[in-house]
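>>> only geometry, no sequence info:
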């Protein structure tokens, strides 16, 4: 088990402890990749949810960066 030295919470994986440690340090290493967005997150899945929800493309729209990629149309 991996124990947080700040609050003594236990984790079964070292990666979970590292993610948890951001709650104490305030570190937000996961930055939104959308141009002009300055949001940052301590948990990667929260960043992904933000990107899907806030920067969602209109239905059927294929961004130019995806055209020609698998599944995209030219």
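Nice, I can see it. Since we're looking at a predicted model, the values are computed, not measured. Numbers count the residues shown, from 1 in each chain.
>>> Tell me the spacing between the nearest residue to residue 10 once chain neighbours are set aside and residue 12.
Spatial nearest neighbour of residue 10, excluding adjacent residues (C-beta to C-beta, 6 or more residues apart in numbering): residue 1 at 4.8 Å. Quick note: C-beta positions are derived from backbone N, CA and C, even for glycine. According to C-beta to C-beta, to the nearest Å, residue 1 and residue 12 sit 6 Å apart.
>>> Same check on residue 43?
For residue 43 relative to residue 12 (C-beta to C-beta), the value is 17 Å.
>>> In terms of neighbours, single out the busier of these two.
residue 43 (15 against 9; other C-beta atoms under 10 Å).
>>> Hmm, residue 22 and that one touching each other?
Yes: using C-beta atoms under 8 Å, residue 43 makes contact with residue 22 at a distance of 7.3 Å.
>>> What separation do you get for residue 24 and residue 6?
Noted for residue 24: a distance of 5 Å to residue 6, by C-beta to C-beta.
>>> With residue 41 instead?
Computed as C-beta to C-beta, the residue 41 to residue 6 distance reads 20 Å.
>>> and what of residue 38?
Residue 38 sits 28 Å away from residue 6 when distances are taken as C-beta to C-beta.
>>> Who has more neighbours out of these two?
A direct count of neighbours by other C-beta under 10 Å for residue 38 and residue 6 places residue 6 higher, at 11 against 7.
>>> which SSE is that one in?
Counting by DSSP states H and E, no helix or strand carries residue 6.
>>> For this structure, which segments are assigned as strands?
Along the chain, counting by DSSP state E, strands occupy 2-3, 10-11, 30-31, 40-41.
>>> pLDDT of stretch 11-20, averaged?
The average pLDDT within stretch 11-20 is 95.
>>> so who does the nearest residue to residue 42 once chain neighbours are set aside touch?
Closest residue to residue 42 apart from its sequence neighbours, by C-beta to C-beta, 6+ apart: residue 22 at 3.6 Å. By C-beta atoms under 8 Å, 6 or more residues apart in numbering, the contact set of residue 22 is 28, 29, 42, 43.
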